[in-house]
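K.L.:
This is a predicted model, with the sequence first.
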Amino acid sequence: MKPGKSLIKHYLQFKDLRAEEYAYLFGRAAVIKQRFKNYEKYTPLADRTLAMIFEKASTRTRVSFEAGMYQLGGSVVHLTTSGSQLGRDEPIEDSARVISRMVDLVMIRTYEQAKLEGFAAHSRVPVINGLTNEYHPCQILADLFTWLEHRGGTTRAGMPDIGSLRGRVVAWVGDGNNMANTWLQAAEIFGFTVHVSTPSGYEVDPAVAGVRDPGCFKVFKDPMDACRGADLVTTDVWTSMGWEAENEARKAAFADWCVDAEMMAVAQPDAVFMHCLPAHRGEEVAAEVIDGPQSVVWDEAENRMHVQKALMEFLLLGRIG
Ligand code: CP
Ligand code: NVA
C-alpha cells in the first residue's frame, strides 16, 4: 500500500511521540525482548525492507537495526555517503523520493537535523533518526527502557511504568550535545529533571534541544553538584562525530568532566551509570565507573535492538492487539 503523506509517522526527534505512545512502546519492547530471549520466532515484518543510510560511522546503530529487522522477518539495505550518490551531491529530496519508492522504512544517521527533515518531507515511508548533530532519539528510547528495567516500577499489567520516572533526577556530565538535547526532551515528556554540567562554551541550548519547560533541566557549574542525589548519572564522548577538528581543545576544556567514583559516591546509593558508547576510559568516564557495579551500559546497548524492533513494528503496523 502507498501510504498517504499525512498518515506517515516519522521518528525524527524524541518529542515526536507522546508519553502514552512511549508507555505502549516500552511494553512492546519488553514482550519482544522476552520472545528473543526464549528463541521464539516473531516475524511480523516479513517482506518489509529497511534502508539504513549512514553518513557517519556506527557499530551499535548498524547492528541493532540490521539484526532487529532480520529477526522481525524483514531485510535491510545499507547505504553510506561514499558508496552511494549521496556523496556525489544528489539532492536529499531526490534520494528520498527514489529510496522511499523501493523500501518500507528508512533509518538515517547524518549531520544536520534539517537534512533528515528534508528527506522525511519527501519520503513516502516512515523515517527514523539514527543520530543527527542535534538529537539521538533511539538511544534515549533504549536508555529509558533500561532505566525502567533496572529501577522502574511496573504497572498492574506487569509492564514498565513510565510514571515511576516522574520526579527523578538524571545527571548529565559533559558536552551539551545531541544526547544531552534528547535527554531534555525526554525529561519534559516524563516529568524528571536533568542536572546538566558542561564546561563553559559547551552548554545546552534549550532552543536547539527543543524544550519549552524551564523546569526540565537545571544547570550546575560543578559536575559534583550535578551528580549530588542523582538517580542516574550519564555522560558521552567529549568530541562527537563531526567535531573532530576540536579534539585537542575539547580534551583540555573537559578535563574536569570525567565521571569518576567520587561523582558516583554523591549520587543516590542505587544510582545507575549509563553511556551510549563508544566510551573512552580515562576521558569522559573512569574505568572503575563504566566497569563497576552501578554501570548498566551493556544492557543499555543490547536494549537498542529490542526498543527499535518495537519502534519499527509500531511505525509500520501500528498497535498490536
Ligand atoms: N550509541 C550509538 O549510537 O553507537 P554507534 O555510534 O556505534 O551506533
Ligand atoms: N554524541 C556522540 C554519540 C555517539 C553515539 C556523537 O554524536 O558522536
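P.N.:
Looks like it arrived, so ask away. Numbers count the residues shown, from 1 in each chain. Ligands and ions are numbered 1, 2, ... in the order given.
K.L.:
And the strands in this protein?
P.N.:
Taking DSSP state E to define them, one finds strands in the chain at 49-54, 75-80, 105-109, 127-129, 153-154, 160-161, 169-173, 193-197, 217-219, 232-235, 272-275.
K.L.:
of those strands, which approaches ligand 1 most closely?
P.N.:
strand 105-109 (7.4 Å; CB to the nearest ligand atom). (Each C-beta comes from the backbone N, C-alpha and C, glycine too.)
K.L.:
Next, format the strands of the chain as a markdown table and append mean pLDDT and distance to residue 256.
P.N.:
Listed next are those as a markdown table, based on pLDDT from 0 to 100; distance: least, CB to CB, whole Å:
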| stretch | mean pLDDT | distance to residue 256 |
| --- | --- | --- |
| strand 49-54 | 98 | 33 |
| strand 75-80 | 98 | 37 |
| strand 105-109 | 98 | 30 |
| strand 127-129 | 99 | 31 |
| strand 153-154 | 94 | 35 |
| strand 160-161 | 96 | 35 |
| strand 169-173 | 98 | 10 |
| strand 193-197 | 98 | 9 |
| strand 217-219 | 98 | 16 |
| strand 232-235 | 99 | 12 |
| strand 272-275 | 98 | 18 |
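K.L.:
how about the ones you listed in CSV, adding distance to residue 23 and mean neighbour count?
P.N.:
Listed next are the strands of the chain as CSV, based on distance: least, CB to CB, whole Å; neighbours: other CB atoms under 10 Å:
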stretch, distance to residue 23, mean neighbour count
strand 49-54, 25, 22
strand 75-80, 28, 16
strand 105-109, 22, 26
strand 127-129, 20, 26
strand 153-154, 12, 12
strand 160-161, 8, 20
strand 169-173, 19, 27
strand 193-197, 20, 23
strand 217-219, 23, 17
strand 232-235, 19, 28
strand 272-275, 21, 25
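K.L.:
Could you export those strands to TSV, including columns for distance to ligand 2?
P.N.:
Converted to TSV, these look like this (distance: least, CB to the nearest ligand atom, whole Å):
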stretch	distance to ligand 2
strand 49-54	12
strand 75-80	16
strand 105-109	9
strand 127-129	12
strand 153-154	29
strand 160-161	23
strand 169-173	12
strand 193-197	15
strand 217-219	17
strand 232-235	10
strand 272-275	10
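K.L.:
quick one: residue 82 and residue 54, what's the gap?
P.N.:
10 Å (CB to CB, to the nearest Å).
K.L.:
And for residue 62?
P.N.:
7 Å.
K.L.:
do residue 167 as well
P.N.:
Taking CB to CB, one finds residue 167 at 38 Å from residue 54.
K.L.:
Show me the common contact partners of residue 62 and residue 54, please.
P.N.:
residue 78 (CB atoms under 8 Å, 6 or more residues apart in numbering).
K.L.:
what separates the closest residue to residue 141 other than its chain neighbours from residue 144, distance-wise?
P.N.:
The shortest distance from residue 141 to any residue other than its chain neighbours is 4.6 Å, reached at residue 307 (CB to CB, 6 or more residues apart in numbering). Using CB to CB, residue 307 is found at 9 Å from residue 144.
K.L.:
got any residues that touch both of those two?
P.N.:
residue 26.
K.L.:
Up against ligand 1, what does the stretch 1-150 of the chain have?
P.N.:
Applying CB under 6 Å from any ligand atom, we find that the stretch 1-150 of the chain lies next to ligand 1 at 58, 59, 60, 61, 131, 139.
K.L.:
Let me know the pLDDT of the residue nearest the centre of the chain.
P.N.:
Residue closest to the average C-alpha location in the chain (CA atoms, centre = their mean): residue 139, at 1.8 Å. Per-residue confidence (pLDDT) for residue 139: 99.
K.L.:
Quick one: residues contacting it.
P.N.:
131, 179, 182, 276, 304.
K.L.:
quick one: it from ligand 2, how far?
P.N.:
Applying CB to the nearest ligand atom, to the nearest Å, the value for residue 139 to ligand 2 is 7 Å.
K.L.:
and what of residue 286?
P.N.:
In terms of CB to the nearest ligand atom, residue 286 sits 19 Å off from ligand 2.
K.L.:
what's the residue nearest to residue 270 when sequence neighbours are not counted in contact with, if anything?
P.N.:
Counting by CB to CB, 6+ apart, residue 270 lies nearest to residue 151, which is 6.8 Å off, once chain neighbours are set aside. Contact partners of residue 151, counting by CB under 8 Å, 6+ apart, are 164, 231, 232, 270, 272.
K.L.:
where does the stretch 1-150 of the chain come near ligand 2, residue by residue?
P.N.:
So the stretch 1-150 of the chain meets ligand 2 at residue 131 (CB under 6 Å from any ligand atom).
K.L.:
Can you list the low-confidence ranges for the stretch 1-150 of the chain?
P.N.:
1-6 (pLDDT under 70).
K.L.:
neighbours of the residue in the stretch 151-300 of the chain that ligand 1 sits nearest to, just the number please.
P.N.:
Here the stretch 151-300 of the chain gets closest to ligand 1 at one residue, residue 276, 3.9 Å apart by CB to the nearest ligand atom. Counted by other CB atoms under 10 Å, the residues lying close to residue 276 total 25.
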